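A.B. asks: Sequence and predicted structure, then a few things I'm wondering about:
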Amino acid sequence: MRMNYKFENIIKRMVLPCAFFVLCITPNAYAKDKAVNVKIDARAQFVETVFQGDVPKMQTLWLDKAIKKDVKKILRHDYGGLRARYWQNGDQTVWVLNEVGKYKPITIGVSIKGGAIAKLQVLEYRESHGWEVKKEFFTRQFIGARLSEKWRLDQNVDGISGATLSVRALKKIARLALYFDSQITKPTRASNL
């Protein structure tokens, strides 16, 4: 009789915590899978919206030493990749890029047409503060912006109090997308002049 009591105690000590763990972890694992799908869906939805359903094939801009050097001047840090992916149809390109706000990356979609920003949208915001940069009242300030000779935006973008680092991240990505676009379309624009 004494042996059964010990056995029951062992089972209670091991099985109940394990069952509790399984019940707690299952929704979190599902939520993580769902979050990955949302991110991919947001990117696909942005590209599809820009090209109105007629999505071109994704292409690659390989970053050579000269481009990486320029990118480092724009971002004020290394890019961290060997390539940038984009979609192009005529003189319109779409870029989905990441930049860290304060601690976490912000995923931003940028559409460029004729060398100017046609649309900028925050696709995924992971920071706890500064989420106002996702709002349309802020992102529409980028529409029509071009890149100056010194890799600055040629129009003013007002900041948001309490979101300084997120605003800075969006400005960097806008400049980077315009720079990448210039690397892709430079020969085409020169031949059209």
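C.D. replies: Yep, it's here.
A.B. asks: which SSE is the most centrally placed residue in the chain in?
C.D. replies: By C-alpha atoms, centre = their mean, the mean C-alpha position of the chain lies nearest to residue 107, the distance being 1.6 Å. For residue 107, the element it lies in under DSSP states H and E is strand 105-113.
A.B. asks: average pLDDT across the next helix or strand after that strand?
C.D. replies: Next along the chain after strand 105-113, taking DSSP H and E as the criterion, comes strand 116-125. Here strand 116-125 scores 93 as its mean pLDDT.
A.B. asks: Strand 116-125 versus strand 105-113: what angle between them?
C.D. replies: If you take axes from the mean of the first three to the mean of the last three C-alpha atoms, to 10 degrees, strand 116-125 sits at 160 degrees to strand 105-113.
A.B. asks: List of residues touching strand 116-125?
C.D. replies: Residues external to strand 116-125 that are found in contact with it (C-beta atoms under 8 Å, 6 or more residues apart in numbering): 38-39, 42-43, 46, 50, 92, 96, 101, 106-112, 131, 133-134, 139, 142-146, 166, 170, 174, 177-178. Where C-beta positions appear, they are placed from N, C-alpha and C, glycine not excepted.
A.B. asks: Can you give me the buried ones in the helix or strand that that strand is followed by?
C.D. replies: Toward the C-terminus, strand 116-125 is succeeded by helix 136-139 as the next helix or strand (DSSP H and E). Within helix 136-139, the residues scored as buried using 16 or more other C-beta atoms under 10 Å are 138, 139.
A.B. asks: which secondary structure elements does helix 136-139 contact?
C.D. replies: The contact analysis (3 or more C-beta pairs under 8 Å, 6 or more residues apart in numbering; DSSP states H and E) places helix 136-139 against strand 116-125, helix 164-192.
A.B. asks: go with 7 Å
C.D. replies: Counting contacts by 3 or more C-beta pairs under 7 Å, 6 or more residues apart in numbering; DSSP states H and E, helix 136-139 is packed against strand 116-125.
A.B. asks: which parts of the strand it packs on are buried?
C.D. replies: Neighbour-count burial for strand 116-125 [16+ other C-beta under 10 Å]: 116, 117, 118, 119, 120, 121, 122, 123, 124, 125.
A.B. asks: one step back: how many degrees apart are the strand holding residue 107 and helix 164-192 in direction?
C.D. replies: Using the same axes, to 10 degrees, strand 105-113 lies at 30 degrees relative to helix 164-192.
A.B. asks: Who are the contact partners of residue 176?
C.D. replies: 71, 74, 75, 97 (C-beta atoms under 7 Å, 6 or more residues apart in numbering).
A.B. asks: closest to residue 151 among the residues you listed?
C.D. replies: Nearest to residue 151 out of those is residue 74 (C-beta to C-beta; 5.3 Å).
A.B. asks: State the number of residues packed around that closest one.
C.D. replies: Counted with other C-beta atoms under 10 Å, the neighbours of residue 74 add up to 20.
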